[in-house]
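>>> My questions are about this predicted structure, shown below with the sequence.
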Amino acid sequence: QVQLVESGGGLVQAGGSLRLSCTASGRTFSSSMAWFRQAPGKEREFVTGIRWSGSSTYYAGSVKGRFTISRDDAKNTVYLQMNSLKPEDTGVYYCALSINALSDSALADHENYDYWGQGTQVTVSS
């Protein structure tokens, strides 16, 4: 069984920064992890993903150049550094883990993930 615990959300002004963390417990070897977000009234969308066994990362076009995903293997933790935040980045951010090593295109599909965190709210004011 895998548990994911997120932290780091909050309220920030446009142009500001936030750093989200997601710590995994249980089996994480060779897994892929990602961040998704969901705004009110909208479907959950992919933000970024990273493979645990390597350093490959993949970003949605809307966040490329502003967000950075990274991991700390020793701490079983994945981070999401969010810079130059915009009001449209507002939403609940979810951490997700797949027990498989996913391809780039597969990273973006929420159906490929086996475990999800509880979500953390990010609100960007204009």
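Nice, thanks for sending it over. Numbering: from 1, shown residues only.

>>> Around residue 8, how many other residues sit close by?
Other residues near residue 8 come to 16 when the count uses other CB atoms under 10 Å. Heads up, the C-betas are built off the backbone N, CA and C, glycines and all.

>>> Next one: it from residue 99, what distance?
Relative to residue 99, residue 8 is positioned 24 Å away (criterion: CB to CB, to the nearest Å).

>>> before we move on, what about residue 47?
With CB to CB as the criterion, residue 47 and residue 99 are 20 Å apart.

>>> again, but for residue 24
11 Å.

>>> Then residue 116?
In terms of CB to CB, residue 116 sits 13 Å off from residue 99.

>>> Report how many residues lie close to the nearest residue to residue 26 once chain neighbours are set aside.
Closest residue in space to residue 26, ignoring its immediate chain neighbours: residue 2 at 3.9 Å, by CB to CB, 6 or more residues apart in numbering. For residue 2, the tally of surrounding residues (other CB under 10 Å) stands at 15.

>>> What count of nearby residues applies to residue 93?
24.

>>> Please give the element, helix or strand, for it.
Take DSSP states H and E as the rule and residue 93 turns out to sit in strand 91-98.

>>> tell me the average confidence for that strand?
Strand 91-98 shows a mean pLDDT of 96.
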